[in-house]
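K.L.:
output the structure for:
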Amino acid sequence: MEVGVRWDHLRLVPDPAAAAAPLIERRAVTRTFDTPGFRGMTFYEVHARSVINKVPAASRMPFQWTINPYRGCSHACVYCFARKSHEYLDLDAGADFDSRIVVKVNAAERVRAELAAPRWRGEHIAMGTNVDCYQRAEGRYRLMPGILEALRDAGNPFSILTKGSLILRDLPILREAAARTQVGAAVSVGFVDEELWRLIEPGTPAPRKRLEVCAALNAAGVRCGVLMGPVLPYLSDSPAQLEAAVRRIAEAGAASVTVIPLHLRPGAREWFLGWLRRHRPELIVPYARLYGGGAYAPKRYRDGISARVRELAAEYGMDRSPPPPAAHRSVRPPADEGPHQLTLL
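P.N.:
Residues are numbered from 1 along each chain as shown. Alright, predicted model coming up:
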């Protein structure tokens, strides 16, 4: 029996008359922009039928509803778990995911309509849980102000996870929403090593900039924590690296810190391992040992990282921080994955 995944509802049905082109190109207005920030990128403008999406019950996500105004992400994080979702559009999970971005141009109006529907019960909505809603494209398309205004006007609770600094543009709306309902934010900062950042998260603001965003949101009264993820085995998990990250997170005044070690699902797995072969080939065998049995590192490794981060958080005065909103808690892996095998090498 095939188990559904959280992207199944996003599949497009092939058109036999246009089988030579990727599915998304048959259903969208295609644009390119000859500016340095968007050079080499293609944008597919689509009108979505719905934008508030229910997460399938089979998913391990700790939230039920999401809004994702974009698909694909110019952050180009090598490890991004959402890469597989691009294959549902007949695009690849590697370079296409980084450079061919789907834009739901009617997102704001659909959100407003769906929040007003009699069947909607005002449940928490998570944003930034698949790809970043404040990636580079948001600077041009400006979808988030309308989405946030709709949530504010409806008094609907929501949370945002981002690596982008553009969220500060919308701070006035976030403050207004926070006065009416529960609003949470988190920035993703898995490490503070800037050399590693340039290699593995090339389209994102620097870690220090993301921590400045965290500080600014908290100073403005919008509670913001840090998702310290992913921690990358053999790349960002040394005692010194963990200590540096937690210290900087604490110095930024983060409301909480939640750690998640790297997980390698299909799509992300192949792209990440290709990067590893080019940049750190000596780690291929250690990664084979660690991830040879599935998408998650062994439980003992995950528990060790979590315990150390808790100790450091306590040392830096963050031990009494309440947990972050549900949208910012990590996907809960199984206690220990079963015997199924995924190809690593």
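K.L.:
and the strands in this structure?
P.N.:
29-31, 42-46, 52-54, 65-67, 70-71, 100-104, 125-127, 158-162, 183-188, 224-231, 257-261 (DSSP state E).
K.L.:
can you redo those strands as a markdown table with distance to Leu89?
P.N.:
Where C-beta positions appear, they are placed from N, C-alpha and C, glycine not excepted. Output for the strands of the chain, formatted as a markdown table (distance: least, Cβ to Cβ, whole Å):
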| stretch | distance to Leu89 |
| --- | --- |
| strand 29-31 | 13 |
| strand 42-46 | 8 |
| strand 52-54 | 15 |
| strand 65-67 | 18 |
| strand 70-71 | 7 |
| strand 100-104 | 7 |
| strand 125-127 | 20 |
| strand 158-162 | 23 |
| strand 183-188 | 24 |
| strand 224-231 | 25 |
| strand 257-261 | 27 |
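K.L.:
got a markdown table for these, with mean neighbour count and distance to Ser306 too?
P.N.:
Listed next are the strands of the chain as a markdown table, based on neighbours: other Cβ atoms under 10 Å; distance: least, Cβ to Cβ, whole Å:
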| stretch | mean neighbour count | distance to Ser306 |
| --- | --- | --- |
| strand 29-31 | 12 | 43 |
| strand 42-46 | 19 | 39 |
| strand 52-54 | 17 | 29 |
| strand 65-67 | 22 | 25 |
| strand 70-71 | 24 | 31 |
| strand 100-104 | 24 | 34 |
| strand 125-127 | 25 | 22 |
| strand 158-162 | 26 | 19 |
| strand 183-188 | 26 | 17 |
| strand 224-231 | 26 | 10 |
| strand 257-261 | 23 | 6 |
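K.L.:
closest one to Tyr141 among those strands?
P.N.:
Closest approach to Tyr141 among the strands of the chain (Cβ to Cβ): strand 100-104, 5.5 Å.
K.L.:
for that closest one, which helices and strands make contact with it?
P.N.:
strand 42-46, strand 70-71 (3 or more Cβ pairs under 8 Å, 6 or more residues apart in numbering; DSSP states H and E).
K.L.:
and that strand, which strands flank it?
P.N.:
strand 42-46 (parallel), strand 70-71 (antiparallel) (DSSP bridges).
K.L.:
average pLDDT for the shortest one?
P.N.:
For strand 70-71, mean pLDDT rounds to 96.
K.L.:
ditto for stretch 223-242
P.N.:
Stretch 223-242 shows a mean pLDDT of 97.
K.L.:
ok, now stretch 180-190?
P.N.:
Mean predicted confidence for stretch 180-190 is 97.
K.L.:
cool, stretch 103-110 as well?
P.N.:
Rounded mean pLDDT across stretch 103-110 is 97.
K.L.:
what's the answer for stretch 294-307, then?
P.N.:
Taken as a whole, stretch 294-307 carries a mean pLDDT of 96.
K.L.:
just the CA trace of it, in CSV.
P.N.:
The C-alpha trace of stretch 294-307 is given here as CSV (Å, rounded to 0.1, in the frame of the first residue of the first chain):
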residue,chain,number,x,y,z
GLY,A,294,17.7,5.6,6.5
ALA,A,295,17.0,9.3,6.4
TYR,A,296,17.9,10.0,10.1
ALA,A,297,21.1,9.7,12.0
PRO,A,298,21.1,7.0,14.7
LYS,A,299,19.1,7.9,17.8
ARG,A,300,22.2,7.9,20.0
TYR,A,301,23.7,10.7,17.8
ARG,A,302,20.5,12.7,17.8
ASP,A,303,20.1,12.4,21.6
GLY,A,304,23.7,13.4,22.1
ILE,A,305,23.4,16.6,20.1
SER,A,306,20.1,17.5,21.8
ALA,A,307,21.6,16.9,25.3
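K.L.:
noted, bye for now.
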